[in-house]
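Engineer: what would the 3D arrangement of this be:
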Amino acid sequence: MIVCTICGEEKDDEEFYFVAGKKAQKGVRRQQCKTCMSKRQKDNFDSHMIASHKHQRLYPHRVWATSVMSSHKRNGYKIEITLNQLESLALKVDTCPICGVELDYSRLTKNGKNLHNSPSIDRKSNGDTLTKSNVWIICKECNVTKGRRTMKQFAEYCKMVSEKYV
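Structural biologist: From the prediction side, this is the model:
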């Protein structure tokens, strides 16, 4: 039996969330029951969202870089570029080097979906590793169109399409 530090009630272990990660390794136990945690989260949701949106407005390049790193790690890529290096690169790139469209690093897009001019990280050689020398930032539209092609293959593809329709 554990006593909840919020409501003061003594409850069984299953009434508390299991703590994983670094805190669990240090022997830290969550002292708030599931009911109190849920109420606290609901009570703090609005202030958390306001703070989150403020952070996104103040540091859009950092938020974008964090998101990119997270999604690439989740998809099994090896990451050999640091968050600071990627953010620094993003701060230097304000237009797509391929088509020239102005990049929008804002994460506050309609319905959370990226726009055609959202920045997108592209691997210059399509291996499974992201390094400082192997990535560049281009717009989503160009990255989707380029796909897995090298720049040389992409240029040839664009030339072929242009010749066919111009």
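
Engineer: so which strand or helix has the residue nearest in space to the middle of the chain?
Structural biologist: The residue lying closest to the centre of the chain (C-alpha atoms, centre = their mean) is S67, at 1.0 Å. Element membership for S67 (DSSP states H and E) is helix 60-74.

Engineer: that helix - contacts with which helices or strands?
Structural biologist: Helices and strands touching helix 60-74, by 3 or more C-beta pairs under 8 Å, 6 or more residues apart in numbering; DSSP states H and E, are strand 78-79, helix 83-92, strand 119-123. Just so you know, the C-beta spots here come from the backbone N, C-alpha and C atoms, and that holds for glycine as well.

Engineer: most packed of the ones you listed?
Structural biologist: strand 119-123 (a mean of 20; mean count of other C-beta atoms under 10 Å).

Engineer: moving C-terminal of that one, what's the next helix or strand?
Structural biologist: Moving toward the C-terminus from strand 119-123, the next element (DSSP H and E) is strand 129-130.

Engineer: relative to K54, which of the helices and strands packed on helix 60-74 is closest?
Structural biologist: For the helices and strands packed on helix 60-74, proximity to K54 was assessed by C-beta to C-beta; helix 83-92 is nearest, at 17.9 Å.
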